[in-house]
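Student: attaching a predicted model along with its sequence, questions to come.
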Amino acid sequence: MTEKIVAITGASNGMGLEAALLFAKRGWKVYAGARRVEKIPQDEDKIIAVKLDVTDSASNQDFVQQILTQAGHIDVLINNAGYGEYGPAEEISMDKIRKQFETNFFGAVELTQLILPTMRAQNYGRIVNISSIGGDGYMPLGAYYHATKAAIQQWSDVLDLEVSQFGIRSVCVQPGGTQSSWGAIALNNSKANLSEHSPYQPLVDSVSSGLERFMKSSAKASDLAEVFYKAATEIKPSLRYLHSFSDKFMVNVARKHPQVFRRAILAAMRYFERQNKK
Ligand SMILES: NC(=O)c1ccc[n+]([C@@H]2O[C@H](COP(=O)([O-])OP(=O)(O)OC[C@H]3O[C@@H](n4cnc5c(N)ncnc54)[C@H](OP(=O)(O)O)[C@@H]3O)[C@@H](O)[C@H]2O)c1
C-alpha cells in the first residue's frame with residue numbers, strides 16, 4: 001500500500017506539533033514545517049522536519065518541492081501556521097496587519113496552489129484549513145486575526161466547490177481556546193501594539209484579563225489533533241469541524257444571532273472591566 005503523506009505547517013508547537021505526532025503514530029509520513037525547525041522531533045521514517053516560513057514564497061516552494069521529490073505524492077495538506085496580531089484596530093501598524101494576513105491567509109493560499117496540480121493528477125487530496133471559532137465569532141482587539149480566519153473560511157468553501165470535481169476536498173477546523181503559545185503571543189501583541197498614552201489602554205487591560213481566564217479553561221492541543229485527524233480522513237467530510245459543545249454553541253449564536261452575540265461580548269467586556277477596577 002502506498003504510504004500516506006501529510007504536510008503540516010506550524011508543526012513546531014501546539015496543535016501542529018501534536019497533529020504531527022498523532023499522524024506519525026497512526027503510520028503516516030509527516031512533512032512538518034515551521035521556522036523553528038529545531039523544535040520539531042525528527043524521525044526520518046515518520047516525521048521529516050523542514051524549515052518553513054509560510055510568508056516566504058521561496059520557502060513554500062522548497063517545502064512542496066521536497067515533499068514531491070521525496071514522496072512523489074501528497075494526500076493531505078494541513079494549513080495550521082498562525083498567530084494573533086492582537087491590539088486596537090486603530091493602532092496596529094499596516095506592516096503588522098499585512099504580516100498577519102501573509103501568515104494566516106496568504107501562506108495557506110500559496111501552499112495550496114502549489115500542491116493542487118499534484119492532487120488533481122492523483123484525483124485525490126484533502127486541504128484542512130485551521131480557522132478558529134473566531135472565524136465566525138470575534139472579540140475586541142482581534143480585528144485582523146478574525147478577518148484572516150473569516151477569510152480562510154470563505155476561501156476554503158469556494159475552493160471546495162471548484163476542486164471537489166477532482167476528488168479533492170477543502171475543509172475547515174475551528175478550534176476554540178486551546179493550550180498552546182497562541183494566548184501568550186496574542187496577549188503580548190495586544191500590549192506591544194498600544195501607542196504611548198493610548199486611549200485603548202483600559203480596553204487592553206480588561207480584554208487581557210478576560211483572555212487569560214478564557215485560555216485557562218481551554219482544550220488540550222492533543223484533543224484538537226484528533227479533530228485535525230478526523231477532518232483529514234473522514235470519507236465524507238464536513239465543511240466545518242468543531243471540538244466542544246461550547247465552541248459549537250458560540251459559532252451557532254454568532255452565525256444565526258449576530259445581535260445576541262454582540263450583546264454577549266459587550267456584557268463580558270463590562271464584566272471584565274468591573275473585575276479589573278476592583
Ligand atoms: N490556541 C488557540 O486557542 C487557538 C484557537 C483557535 C485557532 N487557533 C489557530 O490554530 C493554529 C495553531 O495555533 P496554536 O494554538 O497551536 O499556536 P502555537 O502554539 O503558537 O503554534 C503556532 C505554530 O505556527 C507556526 N508559525 C507561526 N508563524 C509561522 C510562519 N510564518 N511560518 C511557518 N510557521 C509559522 C509556529 O512555528 P514557528 O514559530 O516555529 O514558525 C508554531 O509552530 C493557528 O492557526 C491559530 O490561529 C488557535
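Tutor: Thanks, I have it. The shown structure was predicted, so the numbers you read here are calculated from the model rather than taken from an experiment.
Student: interface residues of the stretch 51-200 of the chain facing the ligand?
Tutor: 52-55, 80-83, 103, 130, 132, 175, 177-178, 180-182, 185 (Cβ under 6 Å from any ligand atom). Placement of C-beta: from N, CA and C, glycine included.
Student: in space, what's closest to the residue nearest the centre of the chain - neighbours in sequence excluded?
Tutor: By Cα atoms, centre = their mean, the chain has its centre lying nearest to I130, at 3.6 Å. Closest residue in space to I130, ignoring its immediate chain neighbours: N80 at 4.3 Å, by Cβ to Cβ, 6 or more residues apart in numbering.
Student: identify the residues contacting the one you found.
Tutor: 8-11, 15-16, 19, 130, 228 (Cβ atoms under 8 Å, 6 or more residues apart in numbering).
Student: highest neighbour count among the residues you listed?
Tutor: A11 (33 neighbours; other Cβ atoms under 10 Å).
Student: next one, pLDDT for that one please.
Tutor: If you check A11, the pLDDT there is 98.
Student: now do the strands in the chain.
Tutor: All strands of the chain, identified by DSSP state E, fall at 5-9, 29-34, 47-51, 76-79, 125-130, 168-173, 240-241.
Student: for the second one, packing partners?
Tutor: Applying 3 or more Cβ pairs under 8 Å, 6 or more residues apart in numbering; DSSP states H and E, one finds that strand 29-34 makes contact with strand 5-9, helix 14-25, strand 47-51, helix 57-71.
Student: mind redoing it with 10 Å?
Tutor: Secondary-structure packing of strand 29-34 (3 or more Cβ pairs under 10 Å, 6 or more residues apart in numbering; DSSP states H and E): strand 5-9, helix 14-25, strand 47-51, helix 57-71, strand 76-79.
Student: close to the ligand, is that strand?
Tutor: Yes. Strand 29-34 comes into contact with the ligand (Cβ under 6 Å from any ligand atom), by way of A34.
Student: quick check, M15 in contact with G177.
Tutor: No. Checked against Cβ atoms under 10 Å, the pair M15 and G177 is beyond contact range at 11.8 Å.
Student: joint contacts of these two?
Tutor: A219 (Cβ atoms under 10 Å, 6 or more residues apart in numbering).
Student: one step back: take the strands of the chain and write them to JSON lines, including distance to E110.
Tutor: Compiled in JSON lines, those are given as follows (distance: least, Cβ to Cβ, whole Å):
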{"stretch": "strand 5-9", "distance to E110": "11"}
{"stretch": "strand 29-34", "distance to E110": "13"}
{"stretch": "strand 47-51", "distance to E110": "15"}
{"stretch": "strand 76-79", "distance to E110": "10"}
{"stretch": "strand 125-130", "distance to E110": "12"}
{"stretch": "strand 168-173", "distance to E110": "15"}
{"stretch": "strand 240-241", "distance to E110": "23"}
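Student: average pLDDT for stretch 128-144?
Tutor: Stretch 128-144 comes out at a mean pLDDT of 98.
Student: just stretch 199-215 next, same as before
Tutor: On average, stretch 199-215 scores 88.
Student: just stretch 233-250 next, same as before
Tutor: For stretch 233-250, mean pLDDT is 97.
Student: end-to-end on it?
Tutor: End-to-end distance of stretch 233-250: 26 Å, with Cα to Cα, to the nearest Å as the criterion.
Student: off-centre distance for it?
Tutor: Taking Cα atoms, centre = their mean, to the nearest Å, one finds the center of stretch 233-250 at 14 Å from the center of the full chain.
Student: tell me if that stretch is near the ligand.
Tutor: No. Using Cβ under 6 Å from any ligand atom, we find that stretch 233-250 stays clear of the ligand, coming within 9.1 Å at best.
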